[in-house]
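# Sequence first, predicted coordinates after that:
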Amino acid sequence: MIALQIKPRGKPIKKLPNSVEVDLSTTTVKALYERIAAHTGLGYHRLRLTKGSDGSHLVAKHQDGKLIQIDEAGLRDNSVVYVKDLGPQIGWRTVFVVEYLGPLLIHPLMLYVLRPFVYSSSPLNPLSYLPFAPSFKGNLPPPSFNQVLVCWLTTLHFLKREYETLFVHRFSAATMPFRNIFKNSAHYWILSGINLAYFLYMPAVSPTASWWPKSLDPMQNPNVIYAACALWLFSEASNFHTHMTLRNLRPSDGSTKRQIPRGYGFNLVTCPNYLFESLAWFAVMILSGGHWASVLFLVVSTGQMMAWAKKKEHRYRKEFGRAYKKKSSMFPGLW
C-alpha cells in the first residue's frame, strides 16, 4: 500500500481528500479516478488528474483499451497527484445528436408547417419587417419541385448523420465541456438550419441566381437535376462507407488506438469523408440554382473541413512517420 498526496489544481474542490491509500500492484488509474470522484461527488469524466512530478496527464487506458495500473503510470509512495475540475460535462454522442437535430427538424417544419406564416406579408408577422423578407403578396404559391427536393435531401442527410452518431461512430473521448455545445450547435442550427431553410424555401427563390450559368438552371434543364441527385447519392453512400472504415479501426468506444485508414477513398486523400461531404453539399447548391445561402454554407463548411483535414494529416505524419505515405488532406492534388 502506498499513499498518494492529492492537491487541487486551480480552484479548490470541496471534499477533496488530502491523500488516498492504494495498492501499488493492483489499483488502476481508473479506480483512482473513481475513488476521487466518489469523495468529491463530481462525475468521473469531470475530473482531470495529472502527475505532480512532470505535469503529465494520468490516462486510465492504453490505446488498446487495457486499463493502466498505478505502478505503470509512474506513481510511487507520497507522489503528488493534482486534480482539476473541468466543469459540467456532456457526452460527445449527445452533442452530435443535438447538433444534427436542429436542421433535421427546421427544414421540414419550415417547408410544410411554418411556410405560410413565415412568408406572410401580413403586418402581424414580425418577420415581414426584416430587410430581407420577401415582398410577395397574395396567395402563397406551393413550393417548387426543387424546393421540395432540397428539403428532402437535406433531411435525409441529417437523418443519416443521426444514425451514424447512434450506431456507427466510436468516440475516443467520452465527454466535452457542456458550455461548448452552444458554440458547436450554432453552425448546424443557424447556418445549415435557419439560413438554408428560410432563404431556400422563399416563394421567389425559384429563379436561378444572376451569376449562375443559365445552362445549369435546374428549373430549365432536368438533366441538371438528375446529375445533381446522382452526385448527392454517390457522395452520401461514399461518406457512409468511409465512416464504417474509421469505425472498424477502433475496437470499442473509449479506445484511443490509432491506425492508418486504408481502402476506398483513403488511398486518395487523408479525409475522404470530408471530401464526399463537401460534394454532397455541392450537389444541394446546384439544385438551389446557386443561391447565395447555399453557397455561403458550402464555403464555410468546406473551409472548416479543410482545416480539420489538414490537422489530421499532420497528426498522422507525426504519429506514423514514414509509414504514412504523402497524399492530399482533402482534395486530390489540391489540398
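On my side now, so go ahead. In this text the structure is predicted, and so the values were computed from the model without any measurement.

# Quick check: the residue most central in space within the chain vs residue 210, distance?
Centroid check for the chain by Cα atoms, centre = their mean gives residue 96 as the closest residue, at 6.0 Å. Note on residue 96: its distance to residue 210, by Cβ to Cβ, to the nearest Å, is 37 Å. The C-beta positions use only the backbone N, C-alpha and C, and glycine is treated the same way.

# Residue 327 now?
For residue 327, the distance to residue 210 (Cβ to Cβ) stands at 39 Å.

# The nearest residue to residue 80 once chain neighbours are set aside and residue 218, how far apart?
Residue nearest to residue 80 in three dimensions, not counting chain neighbours: residue 52, with 2.9 Å by Cβ to Cβ, 6 or more residues apart in numbering. Relative to residue 218, residue 52 is positioned 64 Å away (Cβ to Cβ).

# higher neighbour count, those two?
Per other Cβ atoms under 10 Å, whichever of residue 52 and residue 218 has more neighbours is residue 218, with 26 against 17.

# Could you find the closest non-adjacent residue to that one?
residue 224 (4.6 Å).

# thought the one you found was touching residue 283?
No - using Cβ atoms under 8 Å, residue 224 makes no contact with residue 283, being 10.3 Å away.

# Between those two, tell me which one has more neighbours.
Per other Cβ under 10 Å, whichever of residue 224 and residue 283 has more neighbours is residue 283, with 22 against 18.

# What are the boundaries of the strands in the chain?
2-8, 19-22, 47-51, 80-85, 89-91, 175-177 (DSSP state E).

# Same list, those, but as TSV with distance to residue 39 please.
Shown next, in TSV, are the strands of the chain (distance: least, Cβ to Cβ, whole Å):
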stretch	distance to residue 39
strand 2-8	9
strand 19-22	8
strand 47-51	10
strand 80-85	10
strand 89-91	18
strand 175-177	20
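
# In CSV: those, plus mean pLDDT.
What follows is these, written out as CSV (pLDDT from 0 to 100):
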stretch, mean pLDDT
strand 2-8, 93
strand 19-22, 92
strand 47-51, 94
strand 80-85, 95
strand 89-91, 92
strand 175-177, 88
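
# Reformat those strands as a markdown table; add mean neighbour count.
Shown next, in a markdown table, are the strands of the chain (neighbours: other Cβ atoms under 10 Å):
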| stretch | mean neighbour count |
| --- | --- |
| strand 2-8 | 17 |
| strand 19-22 | 14 |
| strand 47-51 | 18 |
| strand 80-85 | 18 |
| strand 89-91 | 16 |
| strand 175-177 | 16 |
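
# do you know which of the ones you listed lies nearest residue 69?
With respect to residue 69, and counting by Cβ to Cβ, the nearest of those is strand 19-22 at 10.0 Å.

# Kindly format the C-alpha coordinates of that closest one as CSV.
Output in CSV follows, covering the C-alpha atoms of strand 19-22 (Å, rounded to 0.1, in the frame of the first residue of the first chain):
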residue,chain,number,x,y,z
SER,A,19,-4.3,11.8,0.5
VAL,A,20,-5.5,8.3,-0.6
GLU,A,21,-4.0,4.9,0.0
VAL,A,22,-3.8,2.5,-2.9
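
# Direction included, what does that strand pair up with?
Strand 19-22 has the following strand partners under DSSP bridges: strand 2-8 (antiparallel).

# what's the angle between the partner strand and strand 47-51?
120 degrees (axes from the mean of the first three to the mean of the last three Cα atoms, to 10 degrees).

# Any idea how far strand 2-8 is from the middle of the chain?
Taking the mean of its C-alpha atoms, strand 2-8 sits 37 Å from the chain's own mean (Cα atoms, centre = their mean, to the nearest Å).

# tilt between that strand and strand 80-85?
Relative orientation of strand 2-8 versus strand 80-85 (the same axes, to 10 degrees): 40 degrees.

# which residues touch strand 2-8?
The contact list for strand 2-8, computed with Cβ atoms under 8 Å, 6 or more residues apart in numbering, reads 16-24, 32, 36, 52, 70, 75-85.

# hmm, 6 Å instead?
With contact meaning Cβ atoms under 6 Å, 6 or more residues apart in numbering, strand 2-8 is reached by 16, 17, 19, 20, 21, 24, 77, 79, 80, 81, 82, 83.

# Quick check: the farthest pair among those?
Taking Cβ to Cβ as the measure, the contacts of strand 2-8 span a maximum distance of 21.8 Å, between 16 and 24.

# So which of these two has more stuff around it?
Between residue 16 and residue 24, residue 16 has the larger neighbour count (other Cβ under 10 Å), namely 16 against 13.

# what sits against that one?
Contacts for residue 16 (Cβ under 6 Å, 6+ apart) come out as 8, 40.

# about what we covered before: could you check the distance from the residue nearest to the centre of the chain over to residue 107?
As judged by Cβ to Cβ, residue 96 and residue 107 stand 18 Å apart.

# cool, and residue 301?
Distance of residue 301 to residue 107, given as Cβ to Cβ: 16 Å.

# if you count what's nearby, which of those two comes out ahead?
Taking other Cβ under 10 Å, residue 301 and residue 107 do not tie; residue 107 has more neighbours (25 against 18).
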